[in-house]
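Student: fold the following and give me the result.
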Amino acid sequence: MRISSLTGLRGVAAVSVLLYHIPHNPAFSGFAIPLFSRSYLAVDLFFILSGFVISLGYHERVMGRPGWASYADFLVNRMARVWPLHLVVTLVFMARHLLNISGNQAIDLNAANVVSNLLMVQSWGWGTEPIAGNSWSVSTEVAAYLLYPLIALFAFSRWAWVQGIAAVALLALVAASGRGSSGPLDVNDSDTVLTLLRCLAGFSMGVLAYRVADRRWCRALIDRPGGFAAVCAVMALALWLPGKIDLLVVCLMPALVLSCYYNGPVVRAVMSNPVSFHLGLISYSIYLWHPLVRDVMARVMTMAHRHGITGMDGLFIAAMLVATWLLCWASYALVEVRGHRLVKWLQQGGRQRDGRQATA
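Tutor: Here you go, the predicted model:
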C-alpha cells in the first residue's frame, strides 16, 4: 500500500538532507541555508517513517501469521528494496576512494570495512566505517528490520507505553552523549552503539504511531481542518527555539507522519503534488548519491577557479542539483526497481526449484 503523501514527505526529507549537506564541502561553504541548518533531523524522520510504513505494509503479514516463513519473506522484501542500490553505491564509492575521483579519500578499504558494508552491518557499533557516508542510516535500519517482530510485539501490547517512554529515553541518551556534530542528535559515529539506538528509537516511534493511527482520539486530534498546518507550525517553532532542542522536534515527527497518513486536502496539495511525489520515489537514491555528486562538482569548480574561471559558483550549484536529479532518476529506474525485481525473481525461482525437487 502506497500513500502518496507519505511518499512525498520522504522526498521532502531527502531534499532537506541534500541541502543540509551542500556546505559540508568547503568549496560550497558559502551556500549554507539557515532554514536547513538542522536537517540532520530529517534522518530521524526517515526512521519514524520507516517504522510506520513498514507496519502499514507488513504488520498483518508478519504478526498476523507469525512464523519463520512470513518473517523470511518480510526480510527478503526489505532487502530487495534496500540492498541493490546500497551495493551499487558502495562499489562506486570504493572506486571513488581507489581512484581519488573527488579528492577525498578518508575511508580505509580494509577487509573489515569492505565485508561489513557489503553485508550492511557497518554501523552497528563495532567500529567499521560506512564506505558510502550516508549508508550508516541504512545499515541501522537493517537492524530494525531484523528486530521488527519484537518491536511490533511490544508496540501492540499493553506495554506499548513503556516502549514509548524507552524510545524517548534512548533519544535523550543519544542527545546527552556529546557526540553530536551539528546538533545533539546528530550522532552517526562508527565506534558507538548510540548510532544504532538512535535508529531503533525512531523506528519504534513509527511503529507506535501506526498502532494509534486509526484510533478515534488520534484522528480527532490531528485529522481536522488546519491540523497539518498546526503540526508544521509547532515543528517550525521547535526548530527555531534556542538551544537546539532536537528531542522535542523528533517527538513531534510522529504527528507529522500521521497527518500525512490521513492525507487531507492541504497535505495532498503539499506532499502529493507531482514534484513531491517524484522526489519521494527517488528519495533513497537522492539520499545515497548526493554526497558523491556534490564532491565531484566541488572538485570541478575548484579546478575551474585555478584556471581563472570565477564568479560562476551558483551555476555549479545548479549543475550539481540537476546532475543529482538525473542520476537519481536513472538510479531509481535502473537499480532500485530492477534490483528489487531481480531479488524477488531469485526468491521465486528458488521456491520453484524447491517445488520441482520435492515433486520429484
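Student: so, low pLDDT: which residues of the chain?
Tutor: 1, 101-106, 350-360 (pLDDT under 70).
Student: centroid residue for it?
Tutor: residue 46 (4.2 Å; C-alpha atoms, centre = their mean).
Student: who's in contact with the residue nearest to residue 219 when sequence neighbours are not counted?
Tutor: Leaving aside its chain neighbours, residue 219 sits nearest to residue 262 (6.9 Å; criterion: C-beta to C-beta, 6 or more residues apart in numbering). For every residue, glycine as well, the C-beta is placed using N, CA and C. By C-beta atoms under 8 Å, 6 or more residues apart in numbering, the residues touching residue 262 are 219, 222, 223, 227.
Student: who wins for neighbours among those?
Tutor: Looking at those with neighbours defined as other C-beta atoms under 10 Å, the largest count falls to residue 222 at 22 neighbours.
Student: over to the residue nearest to the centre of the chain: give its phi and psi.
Tutor: Phi and psi for residue 46, reported as degrees, to the nearest 10, are phi -60, psi -40.
Student: I figured it hits residue 140, correct?
Tutor: No. Counting by C-beta atoms under 8 Å, residue 46 stays clear of residue 140, with 10.3 Å between them.
Student: surely residue 74 is in contact with residue 59?
Tutor: No. In this structure, residue 74 sits apart from residue 59 without contact. The criterion is C-beta under 8 Å, and the distance is 10.0 Å.
Student: need the overlap of contacts for these two.
Tutor: Taking C-beta under 8 Å, 6+ apart as the contact rule, residue 74 and residue 59 have no neighbour in common.
Student: give me the buried positions along stretch 295-308.
Tutor: Applying a neighbour-count criterion of 16 or more other C-beta atoms under 10 Å, the buried positions in stretch 295-308 are 295, 296, 297, 298, 299, 301.
Student: state the pair within those residues that is farthest apart.
Tutor: In the buried residues of stretch 295-308, two members sit farther apart than any others by C-beta to C-beta. They are 295 and 301, at 10.7 Å.
Student: quick one: the helices in the stretch 51-200 of the chain?
Tutor: 68-99, 111-118, 135-146, 148-155, 160-175, 194-212 (DSSP state H, counting those that start in this stretch).
Student: quick one: which of those helices is nearest residue 54?
Tutor: Of the helices of the stretch 51-200 of the chain, nearest to residue 54 by C-beta to C-beta is helix 148-155, at 6.6 Å.
Student: which strands or helices does that closest one pack on?
Tutor: helix 42-63, helix 160-175, helix 194-212 (3 or more C-beta pairs under 8 Å, 6 or more residues apart in numbering; DSSP states H and E).
Student: residues in contact with residue 317?
Tutor: Neighbours of residue 317 in contact, by C-beta under 8 Å, 6+ apart: 22, 28, 31.
Student: let me know how buried the last one is, in neighbour terms.
Tutor: By other C-beta under 10 Å, 15 other residues sit near residue 31.
Student: same check on the second one?
Tutor: Applying the criterion other C-beta under 10 Å, we find 20 residues in the vicinity of residue 28.
Student: any idea what sits nearest it, other than its immediate chain neighbours?
Tutor: With C-beta to C-beta, 6+ apart as the criterion, residue 28 has its nearest non-adjacent residue at 5.1 Å, and that residue is residue 22.
Student: isn't the one you found up against residue 294?
Tutor: Yes. Between residue 22 and residue 294 there is a contact at 6.1 Å, judged by C-beta under 8 Å.
Student: intersection of neighbour lists for those two?
Tutor: Jointly contacting residue 22 and residue 294 under the rule C-beta under 8 Å, 6+ apart are 28, 320.
Student: quick check: nearest residue in space to the residue nearest to the centre of the chain, chain neighbours excluded?
Tutor: The shortest distance from residue 46 to any residue that is not its chain neighbour, by C-beta to C-beta, 6+ apart, is 6.0 Å, and that residue is residue 13.
Student: for that neighbour, what are its contacts?
Tutor: Residue 13 makes contact with 42, 45, 46, 49, 283 under the criterion C-beta under 8 Å, 6+ apart.
Student: from residue 54, how far out is it?
Tutor: Taking C-beta to C-beta, to the nearest Å as the criterion, residue 13 is separated from residue 54 by 16 Å.
Student: how about residue 42?
Tutor: Distance from residue 42 to residue 54, counting by C-beta to C-beta: 18 Å.
Student: what's the helix or strand for residue 14?
Tutor: Applying DSSP states H and E as the criterion places residue 14 in helix 4-21.
Student: how many neighbours does residue 98 have?
Tutor: Residue 98 sits with 10 neighbouring residues when counted by other C-beta under 10 Å.
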